[in-house]
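S.K.: pasting the structure only:
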């Protein structure tokens, strides 16, 4: 009885994951970096109360959007599909257009117990919306493979919320002077401005809203 010699192990390649990245993936990472930077800048504002950190955060949000738009176009231009592309894009979008707008809302004053519940609902809607898109994109695609429309509003529309916060900051209406004031019911507090996040999150998970993809 003969036994086969053990197969030689393939040498381990360092940074093999990085070698699978295409140009579009690095642009997608730039999206995530900008969103994460906005969150850290919002945290720095809370730690120092220096308003310029809020403006750093606001300024990083359009950068994230530009990166998000560019990665898809670069992927089509380069004609090379990334095995990580779709998942990488969704993870970056959760950071930049889900967590970052919620962190900015918390930083400018929406810190009541019901505010936090609303912001968590918004983030959960963003995560769910991206997961649904990843699962259903093949069904929504036409013969060329291009998705014809979005079910629910795309998560980058949350930048409209960031715009509202930036205008409020410019006018000095943050913190205790936040637009709409505050509602109190015993230990529970809610800033009415937080309803914008509830509406945005609900629109993202809507099945009836169909937004044509440009």
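M.R.: Sure, I can see it. Keep in mind the model is a prediction, meaning the values are calculated, not measured.

S.K.: pLDDT weak spots in the protein?
M.R.: Counting by pLDDT under 70, the ranges of the chain that qualify are 1-21, 75-85, 137-149, 212-214.

S.K.: quick one: the strands in this structure?
M.R.: 149-151, 183-185, 188-190, 210-212 (DSSP state E).

S.K.: Pull up the pairing partners for the second one, direction included.
M.R.: Yep, that's strand 183-185 we're talking about. strand 188-190 (antiparallel) (DSSP bridges).

S.K.: Can you give me the buried ones in the partner strand?
M.R.: 189, 190 (16 or more other C-beta atoms under 10 Å). From N, CA and C alone the C-beta is placed, and that goes for glycine too.

S.K.: can you give me the offset of it from its chain's centre?
M.R.: Its chain's C-alpha centre and that of strand 188-190 lie 26 Å apart, by C-alpha atoms, centre = their mean, to the nearest Å.

S.K.: what's that strand in contact with?
M.R.: Strand 188-190 is contacted by residues 112, 113, 114, 115, 118, 182, 183 when judged by C-beta atoms under 8 Å, 6 or more residues apart in numbering.

S.K.: Of these, select the buried ones using a ChimeraX command.
M.R.: Entered in ChimeraX, the line below selects the buried ones among the contacts of strand 188-190, by 16+ other C-beta under 10 Å:
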select :112,114,115,118
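
S.K.: dump the residue contacts of residue 205.
M.R.: 125, 128, 129, 132, 152.

S.K.: Quick check: of these, which lies closest to residue 103?
M.R.: Closest approach between those and residue 103, by C-beta to C-beta: residue 125, at 15.8 Å.

S.K.: and the gap between the closest one and residue 174?
M.R.: 24 Å (C-beta to C-beta, to the nearest Å).

S.K.: Neighbour count for these two, which is higher?
M.R.: For residue 125 versus residue 174, the count of surrounding residues by other C-beta atoms under 10 Å is larger for residue 125: 24 against 19.

S.K.: that older thread, for the strands of the chain, give me a markdown table that also has distance to residue 204.
M.R.: Output for the strands of the chain, formatted as a markdown table (distance: least, C-beta to C-beta, whole Å):
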| stretch | distance to residue 204 |
| --- | --- |
| strand 149-151 | 9 |
| strand 183-185 | 25 |
| strand 188-190 | 21 |
| strand 210-212 | 10 |
